[in-house]
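>>> The following block contains a protein sequence and its predicted model.
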Amino acid sequence: MTPRVPLPSPLPLREELLRHGNNHGSSTHAWEALADGIGWHQPTPSDCWLASSRDVSVVIPAHQVGYCLPTVLNALDAQHHQYVFEVIVVDDASTDDTARVAAGHRVVDRLVRLPQRMGAATARNVGTALAQGQTVLYLDGDMVIPPHVITDVAARATDTSVLVGFRHNLRYEVHAQEPAILGRIPNLAADHRVVWRPPPNTTLPYSGITLPEPLDGRPLDDTRDFIDLGYGQSYYDWDLPRMVVTALVAVPRAAVLDVGGFDADFGRLGWGMEDTYLGACLIAAGLLVIPLRQAVGFHLDPSDAAEQAQHKLAGWPRTLTRYRDLLELPAPRGRAHAFIASMSELLTNCEGRP
């Protein structure tokens, strides 16, 4: 009898990332060749025939965003997209009027309220399980997007691409006039992935490096729209998974299901890194991370934004440690069935409006 040769063990996720490039140039150029003169980074006209290419589900995790959620939802209602798109709000056990606002807004197709605070990772997982679209656009509950963004995503999304948008932080005042926000043009350069000026002589927490001199960094430009971050390369403190920020990012739903969605432990440990880990899993699965420079939204900061930022950063070491540990495990695959089963069980304990 011929002895059975054991199959090689799956590579750790960290090593798997070294095997995948991010040269999306052929994809973006091919799209432009079909797009009747529209550039990849240009806002997409509402009558672009490519806008019917994909069904889009917008998934919004929402916690204590009653102060700005009406503006966020009104911006979705003002999208010039000519095709139906779905909006799902998952309220992470808010104690303000977040659920009431979502329940009363005509653009919201489905509202689910989690039984207790479970974190944005779980909220996004629930929304992903419920989504009907081929593409899921994750949008934070405090992100206001321009009217062309849904069409930009629908026209460009594929089964093998992660489309990354950007954010411009803007202080939200209780008495601000909504038209003043919806009428403003967000600035791409306001995102740290575009213009980045780290403090010198300070250990950067993600990479652990220290820069001896001030740096006027340009991560997006200097990496050629993230192409040069393939094969595990980095730009100082930035790598490709870190560019996947779920404040505004579009992903193929099937790919998210296959890798098992977001790791819910991040939400229990603190703030951040769940989107970085999802990005790493999708990159290891062969997806390309492609920026949309025209997809820039206003991130509406609450009045206590500085205090909230300090609280979040205090918990970052715990979530970063969790991320490092997961990088040493095999890249997840084939988890769609278990993911749907888990979310279906959770949904039996949730409140919601179908």
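Ah, there it is.
>>> Just the helices from the stretch 151-300 of the chain, written as ranges.
In the stretch 151-300 of the chain, helices defined by DSSP state H, counting those that start in this stretch lie at 178-182, 219-222, 253-258, 265-269, 274-284, listed in chain order.
>>> Could you identify which of the ones you listed is most buried?
Comparing these on average neighbours per residue, with mean count of other CB atoms under 10 Å, the densest one is helix 274-284 at a mean of 25. Any C-beta I mention is one placed from the backbone N, CA and C, and that applies to glycine too.
>>> same for that one, what does it pack against?
On a contact count with 3 or more CB pairs under 8 Å, 6 or more residues apart in numbering; DSSP states H and E, helix 274-284 meets helix 13-17, strand 161-171, strand 248-252, helix 253-258, helix 265-269, strand 288-301, helix 305-327.
>>> Among the ones you listed, which comes closest to residue 222?
Taking CB to CB, strand 288-301 is the member of the helices and strands packed on helix 274-284 nearest to residue 222, at 12.9 Å.
>>> burial count for residue 197?
Counted with other CB atoms under 10 Å, residues neighbouring residue 197 total 10.
>>> Determine how far stretch 116-130 lies from the middle of the whole chain.
Computed by CA atoms, centre = their mean, to the nearest Å, the chain-centroid distance of stretch 116-130 equals 13 Å.
>>> Would you mind extracting the C-alpha trace of it into CSV?
Provided in CSV are the C-alpha atoms of stretch 116-130 (Å, rounded to 0.1, in the frame of the first residue of the first chain):
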residue,chain,number,x,y,z
GLN,A,116,-27.2,44.4,23.9
ARG,A,117,-24.1,46.3,22.9
MET,A,118,-22.1,44.0,20.7
GLY,A,119,-19.8,46.3,18.7
ALA,A,120,-19.7,47.4,15.1
ALA,A,121,-18.2,44.1,13.9
THR,A,122,-21.3,42.2,14.9
ALA,A,123,-23.6,44.9,13.7
ARG,A,124,-22.0,44.7,10.2
ASN,A,125,-22.2,40.9,10.3
VAL,A,126,-25.9,41.1,10.9
GLY,A,127,-26.4,43.6,8.1
THR,A,128,-24.3,41.5,5.8
ALA,A,129,-26.3,38.3,6.5
LEU,A,130,-29.5,40.2,5.7
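>>> Can you point out the buried residues in that stretch?
Neighbour-count burial for stretch 116-130, counted by 16 or more other CB atoms under 10 Å, picks out 118-130.
>>> Quick check: residue 157 touching residue 52?
No. Under the criterion of CB atoms under 8 Å, residue 157 makes no contact with residue 52, lying 11.7 Å away.
>>> Adding distance to residue 275, write the buried residues of stretch 116-130 out as CSV.
Compiled in CSV, the buried residues of stretch 116-130 are given as follows (distance: CB to CB, whole Å):
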residue, distance to residue 275
118, 16
119, 12
120, 9
121, 9
122, 13
123, 13
124, 9
125, 12
126, 16
127, 14
128, 13
129, 18
130, 19
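>>> So, low pLDDT: which residues of the stretch 151-300 of the chain?
Applying pLDDT under 70 to the stretch 151-300 of the chain flags the ranges 174-180.
>>> neighbour-wise, which of residue 157 and residue 52 wins?
A side-by-side neighbour count of residue 157 and residue 52, using other CB under 10 Å, places residue 157 first with 24 against 13.
>>> where's the residue sitting nearest the centre point of the chain relative to residue 352, distance?
The chain has residue 246 as the residue nearest its centroid, 1.9 Å off, counting by CA atoms, centre = their mean. Note on residue 246: its distance to residue 352, by CB to CB, to the nearest Å, is 21 Å.
>>> likewise residue 243?
Distance from residue 243 to residue 352, by CB to CB: 33 Å.
>>> Quick one, which of the helices of the stretch 151-300 of the chain gets closest to residue 29.
helix 219-222 (18.2 Å).
>>> Out of the buried residues of stretch 116-130, which two sit at the greatest distance?
Among these, 119 and 130 lie farthest apart (CB to CB), at 17.4 Å.
>>> What strand or helix carries residue 90?
Per DSSP states H and E: residue 90 is located in strand 86-91.
>>> and that strand, which residues are buried?
86-91.
>>> quick one: strands adjacent to it?
Note on strand 86-91: by DSSP bridges, its sheet partners are strand 56-62 (parallel), strand 110-113 (parallel).
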